[in-house]
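**Q** Okay, here's the prediction I keep looking at, along with the sequence it came from:
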Amino acid sequence: MRHHDVSREQFSNLISSFASACSLNNIKTISNELSDQWTREEIKTWFQQNHLSGNLLDTLDFIDGSQLITYGQLVVNSPSRIDEEYDR
């Protein structure tokens, strides 16, 4: 992430947003807050509502809600991978 001009704070905000969405639904799935049916535009709106960087969205390049949910679950459920993912 940092190689794509994404700050540690921006990435941390993304993780916090995912974690918040997960806690709303017992961490098993984040589909109550996030929909696997979302389009790129709906994902963009979610990023804006959560005050997340547009650059971060462009870097991750999610094309649908399914990708967003899968990514969110992976990073939230694997805290040891958060630093690895940021350094990627």
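**A** Nice, thanks for sending it over.

**Q** all contacts plus neighbour counts: C-alpha atoms, from now on.
**A** Fine.

**Q** buried stuff in the longest helix along the chain?
**A** Under DSSP state H, the helix in the chain containing the largest number of residues is helix 8-23. Within helix 8-23, the residues scored as buried using 16 or more other Cα atoms under 10 Å are 10-11, 13-15, 17-19, 21-22.

**Q** which helices and strands does the next helix or strand after that helix pack with?
**A** From helix 8-23 onward toward the C-terminus, using DSSP states H and E, the following helix or strand is helix 40-49. The elements that helix 40-49 packs onto, with contact taken as 3 or more Cα pairs under 8 Å, 6 or more residues apart in numbering; DSSP states H and E, are helix 54-60, helix 65-77.

**Q** To residue 41, which of those helices lies closest?
**A** Closest of the helices and strands packed on helix 40-49 to residue 41 is helix 65-77, at 10.1 Å (criterion: Cα to Cα).

**Q** Averaged pLDDT, the closest one. What do you get?
**A** For helix 65-77, mean pLDDT is 81.

**Q** and the angle from that helix to helix 8-23?
**A** When axes from the mean of the first three to the mean of the last three Cα atoms, to 10 degrees is applied, the directions of helix 65-77 and helix 8-23 differ by 100 degrees.

**Q** Excluding chain neighbours, give the residue nearest to residue 72 in space.
**A** residue 18 (5.5 Å; Cα to Cα, 6 or more residues apart in numbering).

**Q** picking up where we left off before, check the buried residues of helix 8-23 and tell me the two furthest apart.
**A** The span of these, defined through Cα to Cα, is set by 10 and 22 at 18.5 Å.
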